[in-house]
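Asks: quick check, what structure comes out for this input:
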Amino acid sequence: MTDPAREPGLDPALRREIVRDSVAVAVATGAYGISFGAIATGAGLDVWQACALSLLVFTGASQFALVGVIAAGGAPLVGAFSGLLLGVRNSLYGLRLAPLLSWTGVRRAAAAHLIIDESSAMSVTRDSTAAARVGFLATGLGVFALWNLATLAGALAGDTLGDPRDLGLDAAVGGAFLALLWPRLDSRLHRVTAVLAAALALVLIPLTPAGIPVLAAAVVALGLGLRAGGVPQEGPHA
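Replies: Take a look at the predicted model:
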C-alpha cells in the first residue's frame, strides 16, 4: 500500500494540508479508544479480548454495540448482530471509495480494513485519486494506530479510569467531525445532503434500534453522492 507521505502526483503543500487535517481527526477519534477499552473490561472482557476487537473489528460503533449488549446481560451473538448492522455502512462507503482510490488486489483488500467514517470522509471530497489516497491512508492508519493503543490503555486502566465520558472524549469526536464537515458544505448539494441525512437520523433515533439512524443517514448521503455522478480520474491508478 502506498505511503501517504510519498503519494506521487500531488502538490506538496496540499499533501501537508491533508496529512495535518488527517492527524487532527485521528488524534480526536483514536483517543476515544480509551473509553472502549475501559467499557469492554467493565463488561467482563479481558484485556486481550478488548484489544482483539479493536485490532480485528476496528469500527468503534460496532465494538461499543457488542460490549453494550454483553454488559446488559445479552447473548454475545445478539451483540455481534448489532455490531454487524452498524458495520453495514462501511460496505456502502466501500462502494464509493473503490473506484475513487483505484486500488486492486492485495492493496484493495488491505485498504478495506481501514474503511471507517473518518477515513471515508477525508477521501471522498478530494478532487483527485492522489489526494483521496493521502486522506484515506493518513486518516485510516492514524486512527488504527491510536485507537488500538488507546484501547490497550483503557483496558489496563479499567475501573480506575472512572466514567470515560468525564474526560470529554465523546465530545472531542463530535467536534472533530463538525470541524471536518463544515468546510465541505460549500455547495447546495452538500448542504442539502447534510440536512436531509441529519434530519432522517434525528427522526429515527427514538423509533428504531441503535445503528439504524446512522445507517439510514449514510444511505441518504451515499445515494445523493452517487447520483451526482463523477468519480475523479486524475492521478495514478495502481
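Asks: my read: residue 130 touches residue 12, true?
Replies: No - using C-beta atoms under 8 Å, residue 130 makes no contact with residue 12, being 11.6 Å away. Heads up, the C-betas are built off the backbone N, CA and C, glycines and all.
Asks: looking at these two, which one has more neighbours?
Replies: residue 130 (23 against 7; other C-beta atoms under 10 Å).
Asks: next, the closest residue to residue 122 other than its chain neighbours: secondary structure please.
Replies: In space, and not counting its chain neighbours, residue 122 is closest to residue 135: 3.8 Å by C-beta to C-beta, 6 or more residues apart in numbering. Three-state assignment for residue 135 (DSSP: H, G, I helix; E, B strand; the rest coil): helix.
Asks: give me the below-cutoff pLDDT ranges for the chain.
Replies: Within the chain, the ranges that satisfy pLDDT under 70 run 1-9, 159-186, 209-212, 214-215, 222, 225-238.
Asks: quick one: buried residues of stretch 67-82?
Replies: Using 16 or more other C-beta atoms under 10 Å as the test for burial, stretch 67-82 gives 67-70, 79-80, 82.
Asks: how many other residues sit next to residue 18?
Replies: 26.
Asks: can I assume it is in contact with residue 135?
Replies: Yes - contact criterion C-beta under 8 Å: residue 18 and residue 135 qualify, at 5.0 Å.
Asks: tell me which two in the buried residues of stretch 67-82 are the farthest apart.
Replies: 68 and 80 (12.0 Å; C-beta to C-beta).
Asks: can you pull the phi and psi angles for residue 97?
Replies: phi -80, psi -30 (degrees, to the nearest 10).
Asks: what distance do you get for it to residue 64?
Replies: Noted for residue 97: a distance of 23 Å to residue 64, by C-beta to C-beta, to the nearest Å.
Asks: on that earlier part again, overlap in contacts of residue 68 and residue 80?
Replies: Contact criterion C-beta atoms under 8 Å, 6 or more residues apart in numbering; residues shared by residue 68 and residue 80: none found.
Asks: against residue 119, how distant is the residue nearest to residue 122?
Replies: Distance from residue 135 to residue 119, by C-beta to C-beta: 8 Å.
Asks: residue 81 now?
Replies: 25 Å.
Asks: again with residue 52
Replies: Distance from residue 52 to residue 119, by C-beta to C-beta: 21 Å.
Asks: just the CA atoms of the strand or helix carrying residue 34, as CSV, please.
Replies: If you go by DSSP states H and E, residue 34 is part of helix 33-42. Provided in CSV are the C-alpha atoms of helix 33-42 (Å, rounded to 0.1, in the frame of the first residue of the first chain):
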residue,chain,number,x,y,z
GLY,A,33,-10.5,4.1,22.2
ILE,A,34,-9.6,4.7,25.9
SER,A,35,-13.4,4.7,26.6
PHE,A,36,-13.9,1.5,24.6
GLY,A,37,-11.1,-0.3,26.5
ALA,A,38,-12.5,0.7,29.9
ILE,A,39,-16.1,-0.2,29.0
ALA,A,40,-15.1,-3.5,27.4
THR,A,41,-13.3,-4.7,30.5
GLY,A,42,-16.1,-3.4,32.7
